[in-house]
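*Asks:* Sequence unavailable; structure follows:
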Ligand SMILES: [Zn+2]
């Protein structure tokens, strides 16, 4: 039997996500996951980044919870919050935890080191939840309610909350991995995920060299084919078996609350 595999950064669409084929895309993710060998998808539904915030976030979380409840075997979920609405965000986390959320998807509606993120991190710490946060460089136009952040910004936030695990979203997308790796190396509670459409030659080798296998999580985000490419790359770069297991699922099992991935522990 092949080793377990956790996609630590996945998304579902829903009726308000702005695409008519949302159900087909969600189903395609699960089919591809089965083909790739994904044991668990850790999923979030994104809000509108402000157009109807924060009610859109609540509706997305409701949909997300229902989808997770309908597929307990394969789906775990992040409760999504918008840091511009502190009280709402804290309520959503409490509500999410009560209905099974295992992490926080912190929308990048403020720069990563903004003080508005602090109360959210404090509550995540209380519940032992990791926080998924985007970094994003080289932006070519303004995206409403999505602030630019780089690895240094996230490292500053993480340094203020050393007992919270921060998953730095998509090392292979949005940011510049060559900048990100040294920016987070001295902040041990930042864990880049390997998702993103970038499959640059050297990216994975350098990440392993700079951070080591214990700090990296395999993930797909929206492009599962590039997730598969990186999975294959991990298999051929000569990683020791223990390290491969850590990146495939072991690190995720350590960062998320105990009991989140029973089928991995059993394996
Ligand atoms: Zn994402």
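*Replies:* Noted; the coordinates are in hand. This one's a predicted model, so the numbers in the text were calculated from it and none came from an experiment.
*Asks:* From here on, just use CA atoms for contacts and neighbour counts.
*Replies:* OK.
*Asks:* From residue 16, how far out is residue 51?
*Replies:* Distance, residue 51 to residue 16, using C-alpha to C-alpha, to the nearest Å: 12 Å.
*Asks:* who has more neighbours, these two?
*Replies:* Comparing residue 51 with residue 16 by other C-alpha atoms under 10 Å, the one with more neighbours is residue 16, at 14 against 11.
*Asks:* Am I right that the more buried one falls within a strand?
*Replies:* No - using DSSP: H, G, I helix; E, B strand; the rest coil, the assignment for residue 16 is coil, not a strand.
*Asks:* Mind pulling up the pLDDT for it?
*Replies:* pLDDT recorded at residue 16 is 87.
*Asks:* List the contacts of residue 18.
*Replies:* Residue 18 makes contact with no residue, according to C-alpha atoms under 8 Å, 6 or more residues apart in numbering.
*Asks:* So which elements touch the helix or strand hosting residue 232?
*Replies:* Per DSSP states H and E, residue 232 falls inside helix 224-236. Applying 3 or more C-alpha pairs under 8 Å, 6 or more residues apart in numbering; DSSP states H and E, one finds that helix 224-236 contacts helix 22-36, helix 203-210.
*Asks:* buried set for the least confident helix or strand in the chain by mean pLDDT?
*Replies:* Using mean pLDDT, DSSP states H and E, the weakest-scoring helix or strand in the chain turns out to be helix 262-266, at a mean of 86. Neighbour counts over helix 262-266 (16 or more other C-alpha atoms under 10 Å) mark residue 264 as buried.
*Asks:* Tell me which residues are up against it.
*Replies:* 4-5, 39, 249, 253.
*Asks:* what do you get for stretch 64-76?
*Replies:* Contact with stretch 64-76 is made by 12, 39-45, 77, 96, 99-102, 260, as judged by C-alpha under 8 Å, 6+ apart.
*Asks:* In strands only, show me these.
*Replies:* Of these, the ones assigned to strands by DSSP state E are 40-44, 77.
*Asks:* For PyMOL, write the select line for the buried members of those residues.
*Replies:* Buried members of the ones in strands among the contacts of stretch 64-76, defined by 16+ other C-alpha under 10 Å, are picked up in PyMOL with:
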select buried, resi 40+41+42+43+44+77
